[in-house]
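S.K.: Give me the fold of what follows.
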Amino acid sequence: MTKTLNQIPVNVHIMLDANIVIYGLLPQVRQHETCRKLLERGAASELQLHLTVNTAADIIHRAMVLEALAQGTFQKSADVITHLKKNPQAVQNLTRYKTILRDLKQARVHILPLSYRDLHNSRQFRDDYGLMTNDSIIVAVMKREKFQYLATNDTDFERVPGIAVRTPE
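M.R.: Next comes the predicted model:
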């Protein structure tokens with residue numbers, strides 16, 4: 001049975017999946033309040049929050065797409081991405097993504113680097129548990145850093161022994 005973000009004890013290190021940060025920073029999603037509270041716990045030093053550098057890049061990318069979607073011109077993410085690639089000025093006019101790193105710093109989220117070894121070690125988690133590449137990298141870094149807790153809305157991680165998955169309510 002999956003436990004929720006509210007059930008994370010104090011003073012632990014917790015890896016963040018991109019979806020949790022996106023939900024916490026963008027109020028239009030249903031899980032916003034729960035995820036925002038988790039980020040606030042990090043800002044208050046009640047928790048040590050972490051994410052990988054590739055996850056941070058994914059968050060920035062998603063924020064760009066979501067902001068463009070919110071403008072109402074497009075209905076699908078794929079259409080937004082095509083538009084942004086063909087119209088660099090549209091990217092330059094976006095604003096929300098530019099504040100993501102500042103927001104992460106305010107929440108005291110530590111962005112962890114990746115190495116070739118992390119990428120190499122991540123293969124084991126794809127082979128053993130059928131995880132997608134970015135998810136397997138998260139697990140590899142968690143193992144490297146000896147982190148037990150993972151905040152995510154992706155229950156695929158529950159297949160990996162030793163990971164305490166915590167999800168939004």
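S.K.: Can you give me the distance of residue 59 to residue 148?
M.R.: With distances taken as Cβ to Cβ, to the nearest Å, residue 59 is found 22 Å from residue 148. For the C-beta atoms, the positions are set from N, CA and C on the backbone; glycine is no exception.
S.K.: now swap in residue 124 and tell me
M.R.: 18 Å.
S.K.: coming back round to it: residue 59 and residue 148: which has the busier surroundings?
M.R.: residue 59 (25 against 12; other Cβ atoms under 10 Å).
S.K.: Can you tell me what sits against the helix or strand hosting that one?
M.R.: Element membership of residue 59, judged by DSSP states H and E, is helix 53-70. For helix 53-70, contacts defined as Cβ atoms under 8 Å, 6 or more residues apart in numbering pick out 16-18, 21-22, 25-26, 28, 51, 74-75, 77, 80-81, 83-84, 90-91, 94-97, 100-101, 104, 111-114, 134, 137-138.
S.K.: now the residues you listed: which count as buried?
M.R.: 16-18, 21-22, 25-26, 51, 74, 80, 84, 90, 94, 96-97, 100, 104, 112, 114, 137-138 (16 or more other Cβ atoms under 10 Å).
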